[in-house]
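[1] sequence and predicted structure, then a few things I'm wondering about:
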Amino acid sequence: MPGGRLTQQERQQIASGLADGLAYAEIARRLDRPTSTITREVMRNGGPATYRADLAHRATGHRTQRRRHAPTDPKTAPQAHGRDAEAVLAYEEMFTTVLMQSGLPKMMARVLVCLYTTDAGSLTASELVQRLQVSAASVSKAIAYLDTQGLVRRERDERRRERYVVDDDVWYQSMMASARANAHLVDTARQGVTILGPGTPAGARLENIARFVDFVSESITRAAEQARDVLYTKPAPTQDEEPGRSDG
């Protein structure tokens with residue numbers, strides 16, 4: 001099985017395989033490469049829908065050059081729990097791509113992935129700057145956006161530093177923030193019905209929008225509340241587990 005970096009010809013074969021709808025495993029078999037190599041290559045270079053061999057080859061060269069000139073890359077530093085640094089890096093890039101494909105801007109996606117893949121689930125602004133190798137202004141802008149979406153929360157640590165946190169409750173809060181935005185959209189659509197006239201085609205269209213969004217938003221809110229109750233509420237202790245209870 002060949003080792004080393006992918007060649008430009010191999011990348012062209014990957015692009016052709018993706019265009020033909022081949023699975024990563026099949027592309028890997030044809031190149032006699034591990035499937036994980038193909039998966040990392042595609043996901044760190046835009047994903048299957050936008051992968052281009054020439055751009056991927058140039059990007060790899062740029063990344064290699066940056067690593068040579070960087071004294072210490074925090075992403076490839078020794079990992080906790082014996083993790084494979086390269087595998088972690090590839091996963092972070094893949095996760096970032098998925099979040100971007102769902103509509104999240106790139107820097108916001110990078111910050112969120114950085115928080116999610118940190119065991120503590122929280123980082124300070126300076127720690128984010130160091131890990132991502134970006135400016136403090138970029139981190140600040142990303143955090144402000146994620147905060148408005150309910151995707152992170154802020155807290156102060158024992159040194160009075162502001163930390164940005166993701167935990168089990170963050171997705172619930174994000175759903176609630178989305179529900180509030182949907183409620184505003186419903187109200188705005190129904191104002192249009194009043195102005196344009198409920199009996200007009202435009203008014204009827206806006207009413208349909210309002211009814212649809214209202215119904216979906218209520219369903220999502222109800223499901224989020226049920227999920228939080230089921231998944232994150234600790235069960236009450238049984239009589240045998242009650243504090244201070246003794247069998248003697």
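    In hand now; what should we look at? Just so it is clear, the model here is predicted, and its values are computed rather than measured.
[2] alpha carbons only for contacts and neighbour counts from here, please
    Will do.
[3] which secondary element of the protein has the worst mean pLDDT?
    helix 53-69 (a mean of 71; mean pLDDT, DSSP states H and E).
[4] and the next element down the chain from it?
    Per DSSP states H and E, the first helix or strand lying C-terminal to helix 53-69 is helix 85-101.
[5] sort out which residues of the helix or strand just after that following helix are buried, please.
    As assigned by DSSP H and E, the chain's next helix or strand after helix 85-101 is helix 106-116. Going by neighbour count (16 or more other C-alpha atoms under 10 Å), the buried part of helix 106-116 is 107-116.
[6] got it, and stretch 194-208?
    By neighbour count with 16+ other C-alpha under 10 Å, stretch 194-208 contains the buried residues 198, 203-204, 206-208.
[7] give me the helices and strands touching the longest helix seen in the chain, please.
    Determined from DSSP state H, the single longest helix within the chain is helix 201-232. Here helix 201-232 touches helix 168-196, going by 3 or more C-alpha pairs under 8 Å, 6 or more residues apart in numbering; DSSP states H and E.
[8] residue 143 touches residue 109, doesn't it?
    No: counting by C-alpha atoms under 8 Å, residue 143 does not reach residue 109; the two are 10.3 Å apart.
[9] put the alpha carbons of the helix or strand where residue 127 lies into CSV.
    Assigned by DSSP H and E, residue 127 falls within helix 125-132. Output of helix 125-132 as CSV, limited to C-alpha atoms (Å, rounded to 0.1, in the frame of the first residue of the first chain):
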residue,chain,number,x,y,z
ALA,A,125,-10.6,34.5,24.1
SER,A,126,-6.8,34.2,24.4
GLU,A,127,-6.9,30.4,24.3
LEU,A,128,-9.1,30.5,21.2
VAL,A,129,-6.7,33.0,19.5
GLN,A,130,-3.8,30.6,20.3
ARG,A,131,-5.5,27.5,19.2
LEU,A,132,-6.9,28.9,16.0
